[in-house]
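Asker: No sequence on hand, only this structure:
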């Protein structure tokens, strides 16, 4: 295998010049840079990243732990993180927690053992010892989409989308359509995103004077099977709901599957809506009303927040979005909130005033 000295000899420059070119330093003439890069290509030279990491104490690698790789939201998020990281000269190692706390903690510890430079996490439900250990170790860390309250209070930033206004808009949409018996399928009990969505749903129902009976609250876990179970329970009631709001896209697909098994039609027998829009929703019959998060921007902002922490030691002011306040009971410096929005489709019926 060709080494850096071979590249230098082939290009007719010093080893130091080759190093400056490969590390993107300024002060190298354009023709010299071209000769070095041509020599790199011709000799198929690959830098020794292990040696470089030992020398600089950097691996130029980020860790990303997502909750469920089969969920299209997290697949898109991972793609956005990879794109943003690559543009900044970083690689990404991804760990899939599969909504399991023990698996998440395994991935976190494995990534730290690999000497990543920073960690992005969309945490699973529950108290994570590995995340607390990571925060205590001083590794730069940013939560994306979901978060752990205790660690946020300790200073870990969050990049997230606020869907509360969109949930209220959804309830208003259903109300305009004449629907009054509205049900919800929640996520895991300790999930920050699920709890925020459930609270927004309850608040919106109160605004319209609508009740939320316990029988209309289905306990889910962000998996398809829990959507099927909740739908089965709802439509075994003497007075089933007129609309179901699933706080996750996979649970909404589970609801639709179960309704078909039971011979019920959407929206003829019941309206259906979901949080987290995915491409599949355009192709279901009917297309599903959904609250969409700016997933790509979430990934890009999360990488920006993390690299700021790594390279500057503190978060810089974000361009756009809303910087969240820092205080003992609020968000950490560097946190950013974006906005989710409602996309009305035929699964709830027709209302052209809100269609986009």
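Answerer: All right, it came through fine. This is a predicted model, so every value here is computed, not measured.
Asker: hang on, isn't residue 346 packed against residue 284?
Answerer: No: under the criterion of C-beta atoms under 8 Å, residue 346 makes no contact with residue 284, lying 9.6 Å away. Just so you know, the C-beta spots here come from the backbone N, C-alpha and C atoms, and that holds for glycine as well.
Asker: Can you list the residue ranges for helices in the stretch 1-150 of the chain?
Answerer: Per DSSP state H, counting those that start in this stretch, the stretch 1-150 of the chain has helices spanning 4-11, 15-22, 30-43, 49-56, 72-87, 101-113, 129-137, 149-153. These are given in chain order.
Asker: any idea which element residue 273 lies in?
Answerer: Residue 273 is part of strand 271-275 when elements are defined by DSSP states H and E.
Asker: Name every strand pairing with that strand and say which way it goes.
Answerer: Each strand paired with strand 271-275, and its direction, by DSSP bridges: strand 243-246 (parallel), strand 289-292 (parallel).
Asker: among these, which is the most enclosed?
Answerer: Each of the strands paired with strand 271-275 was assessed for mean neighbour count using mean count of other C-beta atoms under 10 Å. The highest is strand 243-246, with a mean of 30.
Asker: between the helix or strand immediately after that strand in the chain and strand 271-275, how many degrees?
Answerer: Taking DSSP H and E as the definition, the helix or strand that follows strand 243-246 towards the C-terminus is helix 249-261. When axes from the mean of the first three to the mean of the last three C-alpha atoms, to 10 degrees is applied, the directions of helix 249-261 and strand 271-275 differ by 160 degrees.
Asker: neighbouring contacts of helix 249-261?
Answerer: The list of residues contacting helix 249-261 from outside it, by C-beta atoms under 8 Å, 6 or more residues apart in numbering, reads 68, 70-73, 185, 187, 220, 222-232, 235, 244, 246, 265-266, 269-270, 272-278, 280-281, 284, 288, 290.
Asker: what comes up buried for it?
Answerer: Of the residues in helix 249-261, 249-256, 258-259 count as buried by neighbour count, 16 or more other C-beta atoms under 10 Å.
Asker: Just send those back as CSV, with pLDDT and distance to residue 90 too.
Answerer: Putting those into CSV (pLDDT from 0 to 100; distance: C-beta to C-beta, whole Å) gives the following:
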residue, pLDDT, distance to residue 90
249, 95, 29
250, 95, 30
251, 97, 33
252, 97, 34
253, 96, 34
254, 97, 36
255, 97, 39
256, 96, 39
258, 97, 43
259, 97, 44
